[in-house]
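**Student:** Below: sequence and its predicted model.
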Amino acid sequence: MSDCLIRGVGANKQFRVFAATTTDLVEEARRRHDTWPVASAALGRTLTAGLLLGANLKGADLLTLRIFGDGPAGAIVVSANAAGEVKGYIQEPHIDLPRLKEGKLPVGDAVGKGFLHVTKDMGLKEPFTGSVELESGEIGEDVARYLLISEQTPSAVALGVLVGPDCQVKASGGIIIQLLPDASEEVLLRIEESLKEMEPVSSLVNRGMTPEEIVALAVGGLEVRFLEKTLVRFNCGCSREKVKDILAALGKDEIERIYQEQDQAEVRCHFCGELYCFDAPELEMMIRQL
């Protein structure tokens, strides 16, 4: 099943819902950044959250989700666009913490306390940025807190990544349910009860459930009209030419210093881990052109 994201509205427009399966793209992020299980779960949840928060992006809109905690994971940065493409990295991919008693990966301990920032660049003069303190470091609860405080939207958020014994990502996905102003108490209670009884999202994805099936389970069978389905993938968009421009921006003196000391330049993209190498002749040409 290909990774995808769906948007829907339900129960006479009393709530809206976004759900995604992200197994393949989170596994690609794991492979590119060589993340260990706890880091894979933290980065995977954040990648999924970025896609869900950016579900209504249009055109050249861009959403960036940044998590700065004081835990051993360091910073987590994710960027999503309107085409269903997402990229991201975790500052410390090689962290190893003991699993919790119930077998869950201790993402909250890895992230720690700090802040979550969401920036939406929608082509206006200034991008909008909302920030909240991290409540648990578990990502899902923190995203729900952001939506309530910064966007005044009561929301239920569930994110999950299942990592296998071989450290590969077996399943990943997430769901956001947002109550609209006309939501009744009955609808609210029904969704709350359904979410309490629901298995972790990663377990549902691992069983082969589609985003539509996960939504039906999460809302307790309430009617949902699905509006759109989009394929999603990990895609950075970096290129050799773009990296060369960044290298040139360092200036002639700095490039000459690199040339003298190393005889080559290696630049690794933070977001995707791709390594770009520029040999001595290329550096010489760059110096002559500056």
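**Tutor:** Good, I have the coordinates.
**Student:** Would you quantify the distance from residue 90 to residue 66?
**Tutor:** 12 Å (Cβ to Cβ, to the nearest Å). The way it works is simple: take the backbone N, C-alpha and C, and place the C-beta from them, glycine included.
**Student:** my bad, residue 118
**Tutor:** 8 Å.
**Student:** the helices in the stretch 101-250 of the chain, which residues?
**Tutor:** 107-111, 140-150, 185-197, 201-206, 211-218, 240-248 (DSSP state H, counting those that start in this stretch).
**Student:** Kindly reformat these as TSV containing distance to residue 82.
**Tutor:** Converted to TSV, those look like this (distance: least, Cβ to Cβ, whole Å):
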stretch	distance to residue 82
helix 107-111	27
helix 140-150	19
helix 185-197	28
helix 201-206	24
helix 211-218	18
helix 240-248	20
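**Student:** and of those helices, who's closest to residue 84?
**Tutor:** With Cβ to Cβ, the closest approach to residue 84 among the helices of the stretch 101-250 of the chain belongs to helix 211-218: 12.7 Å.
**Student:** tell me the mean pLDDT for the closest one?
**Tutor:** Mean pLDDT, helix 211-218: 96.
**Student:** Could you give the average pLDDT over stretch 13-26?
**Tutor:** 96.
**Student:** cool, stretch 147-164 as well?
**Tutor:** Mean pLDDT, computed over stretch 147-164, is 94.
**Student:** try stretch 64-77
**Tutor:** 97.
**Student:** Give me the residues contacting it.
**Tutor:** 38-39, 42-43, 46, 49-50, 53, 78-80, 88-92, 95, 97, 109-119, 121, 134, 137, 139, 142, 270-271 (Cβ atoms under 8 Å, 6 or more residues apart in numbering).
**Student:** Those, buried ones only, as a PyMOL selection?
**Tutor:** Restricted to buried positions by 16 or more other Cβ atoms under 10 Å, the PyMOL selection for the contacts of stretch 64-77 reads:
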select buried, resi 38+39+42+43+46+49+50+53+78+79+80+88+89+90+91+92+95+97+109+110+111+112+114+116+117+118+121+134+137+139+142+271
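**Student:** Of the contacts of stretch 64-77, which belong to strands?
**Tutor:** By the criterion of DSSP state E, membership of the contacts of stretch 64-77 in strands covers 78-80, 88-90, 114-119, 121.
**Student:** can I get the residues you listed in JSON lines with distance to residue 177?
**Tutor:** Formatted as JSON lines, the ones in strands among the contacts of stretch 64-77 follow (distance: Cβ to Cβ, whole Å):
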{"residue": "78", "distance to residue 177": "21"}
{"residue": "79", "distance to residue 177": "24"}
{"residue": "80", "distance to residue 177": "19"}
{"residue": "88", "distance to residue 177": "23"}
{"residue": "89", "distance to residue 177": "28"}
{"residue": "90", "distance to residue 177": "27"}
{"residue": "114", "distance to residue 177": "26"}
{"residue": "115", "distance to residue 177": "24"}
{"residue": "116", "distance to residue 177": "19"}
{"residue": "117", "distance to residue 177": "23"}
{"residue": "118", "distance to residue 177": "18"}
{"residue": "119", "distance to residue 177": "23"}
{"residue": "121", "distance to residue 177": "26"}
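**Student:** what ranges of the stretch 151-290 of the chain fall below the confidence cut-off?
**Tutor:** Applying pLDDT under 70 to the stretch 151-290 of the chain flags no residue at all.
**Student:** So for stretch 274-285, what gets flagged as buried?
**Tutor:** Buried-residue list, stretch 274-285, by 16+ other Cβ under 10 Å: 276, 278, 283.
**Student:** pretty sure the first one is touching residue 246, no?
**Tutor:** Read it as residue 276. No - the pair residue 276 / residue 246 is not scored as a contact, 9.6 Å apart, by Cβ atoms under 8 Å.
**Student:** which residues do those two both contact?
**Tutor:** residue 267.
**Student:** quick one on the thing from earlier: go through the helices of the stretch 101-250 of the chain and name the closest to residue 224.
**Tutor:** helix 211-218 (5.8 Å).
**Student:** Done for today, thanks.
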